[in-house]
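Visitor: Below is the structure, and that's it, no one-letter string:
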């Protein structure tokens, strides 16, 4: 009904208003998604995808051609003169057409602008949230447009979007994917060797009582299989003394380690546990401190001044010796907070045994005891790391792993008195069948890797580190 009435007054376009340049990425994406669905949408970044001339008089377009006015509501659009003028024009149209078009203005909330700060005349409008997820916001918007009977136009379709995309110089082939192979660094560290076999220990009691045991305090890694059995790379004589005095190892048998590497082996989980324990113990023995994250992999970091100048030297991907700081600080009104680069390691058995190494940034007030407030840490992390590119994350990982392997040798994870797991000193390289070339731009969506809240942390970051090869 609403759509038919809109057609009768020659209104058939959806106008998308947004702050420039703050909301360009979302506005462009949204305009293309709406056009994909057949909606005639106008946005200053895409113009009219259906081929119609550019609207030189924006206000005339809002007054006489728009069937809906989409307003990307944010801290920027709520304060900029241009978007506020467009909104004022739309409010006048909405008032004139209130008996013809319901909900002429649709507000799309794109950040954490407080409700009390929203333009008073659109506070009462229902806001479709885009700040948590663009995809969820789009789904709600499409449902709303369909329910309201907003008309579509056959000129707006996937072919029109593809044609527009390929006509843009910034998205040209020479700024995109090329059919040439390229080597990429990964965060997978392959296991160079594993002990040939694992001991399967059966326990018994010297006294009456429940047959169960705690293996968490043994000298070397151990993982329970049942209440009566556990696995370890250590022989019974090496670890039995660590058991409760009422418990003893009644018998032991060997299992070939390769057997546990088979997919779906019932004891594969125990092997993963042994590797994880070996990693945790090796990093603690190397002088790092642990942030316990059970059941997720624990995180390991250096406290302030644990190593000289809080700096690690290593050979970079270009073959030259360089460094990265792994502890630093930022200040606010004379208050200093410290950041600590941390790593976690997750063992995986397929497609071959390896550890997945991930980087983290943790915070403290004095360079040692970590913050316990997860939300506070997330906001600080967004502020501290917003300028870190992939190479900075990669190089800090390489620096820590190089420290663990003592510059070139394998990383050693002891698992018994005379046996050890060896990790390769460098991560695997993977060959990509294609390569990419384009400008290095900050993707604001990457910030959501850490936290969905908008960054309101205004610490001044001191002493940004720059790689300087040393001789």
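Guide: That came in fine, so what should we check first? These figures come from a predicted structure and were not determined experimentally.
Visitor: From here on, just use CA atoms for contacts and neighbour counts.
Guide: Fine.
Visitor: Can you show me the helices along the stretch 51-200 of the chain?
Guide: 58-64, 81-96, 134-147, 158-167 (DSSP state H, counting those that start in this stretch).
Visitor: Need those helices in CSV (columns: mean neighbour count and mean pLDDT).
Guide: Below are the helices of the stretch 51-200 of the chain laid out as CSV (neighbours: other Cα atoms under 10 Å; pLDDT from 0 to 100):
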stretch, mean neighbour count, mean pLDDT
helix 58-64, 16, 85
helix 81-96, 17, 91
helix 134-147, 15, 94
helix 158-167, 15, 85
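Visitor: Tell me which of the ones you listed lies nearest to residue 308.
Guide: helix 134-147 (45.2 Å; Cα to Cα).
Visitor: After the lengthiest helix in the chain, heading C-terminal, what element do we hit next?
Guide: For the chain, the longest helix by residue count, based on DSSP state H, is helix 268-285. Sequence order places strand 289-291 as the next helix or strand after helix 268-285, per DSSP states H and E.
Visitor: And for residue 352, the neighbour number?
Guide: 10 (other Cα atoms under 10 Å).
Visitor: Spatially, what comes nearest to it if we skip its sequence neighbours?
Guide: Of all residues not flanking residue 352 in the chain, residue 190 sits nearest, at 7.6 Å (Cα to Cα, 6 or more residues apart in numbering).
Visitor: Take the helices of the stretch 51-200 of the chain and write them to CSV, including distance to residue 227.
Guide: Converted to CSV, the helices of the stretch 51-200 of the chain look like this (distance: least, Cα to Cα, whole Å):
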stretch, distance to residue 227
helix 58-64, 73
helix 81-96, 67
helix 134-147, 46
helix 158-167, 60
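Visitor: okay, residue 2: pLDDT?
Guide: pLDDT for residue 2: 49.
Visitor: right, and residue 433 touches residue 177 too?
Guide: No. Under the criterion of Cα atoms under 8 Å, residue 433 makes no contact with residue 177, lying 10.2 Å away.
Visitor: quick one: low-confidence parts of the stretch 151-300 of the chain?
Guide: Low-confidence segments of the stretch 151-300 of the chain, defined by pLDDT under 70: 169, 171-176.
Visitor: partners of residue 362 in the sheet?
Guide: residue 340 (DSSP bridges).
Visitor: and it, what does it touch?
Guide: 339, 340, 341, 342, 370, 371, 377, 381 (Cα atoms under 8 Å, 6 or more residues apart in numbering).
Visitor: Run a quick check on the fifth one versus residue 377, I expect a contact.
Guide: No. Under the criterion of Cα under 8 Å, residue 370 makes no contact with residue 377, lying 9.4 Å away.
Visitor: Compare those two (neighbour count), which wins?
Guide: More neighbours surround residue 377 than the other of residue 370 and residue 377, with 20 against 17 (other Cα under 10 Å).
Visitor: Look up the closest residue to the more buried one, ignoring the ones flanking it.
Guide: Per Cα to Cα, 6+ apart, closest to residue 377 is residue 363, 6.5 Å.
Visitor: same check, this time on residue 364
Guide: Using Cα to Cα, 6+ apart, the closest residue to residue 364 is residue 370 (4.4 Å).
Visitor: On the pLDDT front, check the one you found for me.
Guide: Note on residue 370: pLDDT of 96.
Visitor: do the same with residue 470
Guide: 37.
Visitor: Show me what stretch 293-300 is in contact with.
Guide: Contacts of stretch 293-300 (Cα under 8 Å, 6+ apart): 280, 283-284, 288-292, 342-346, 360.
Visitor: Quick one: distance of that stretch to the chain centre.
Guide: Put simply, stretch 293-300 sits 17 Å off its chain's centre (Cα atoms, centre = their mean, to the nearest Å).
Visitor: swap in stretch 136-151?
Guide: Distance, stretch centre to chain centre, for stretch 136-151: 29 Å (Cα atoms, centre = their mean).
Visitor: again with stretch 163-172
Guide: Centre to centre, stretch against its chain (Cα atoms, centre = their mean), the figure for stretch 163-172 is 28 Å.
Visitor: now do stretch 419-427
Guide: That offset, for stretch 419-427, works out to 27 Å (Cα atoms, centre = their mean).
Visitor: domain assignment for this protein?
Guide: 2-171, 196-260, 280-461 (automatic domain parsing).
Visitor: closest to residue 270 out of those?
Guide: domain 196-260 (5.5 Å).
Visitor: what's the span of that closest one, first residue to last?
Guide: End-to-end distance of domain 196-260: 11 Å, with Cα to Cα, to the nearest Å as the criterion.
Visitor: likewise stretch 378-396?
Guide: Start-to-end, stretch 378-396 (Cα to Cα) is 19 Å.
Visitor: same question, stretch 30-46
Guide: With Cα to Cα as the measure, what separates the two termini of stretch 30-46 is 10 Å.
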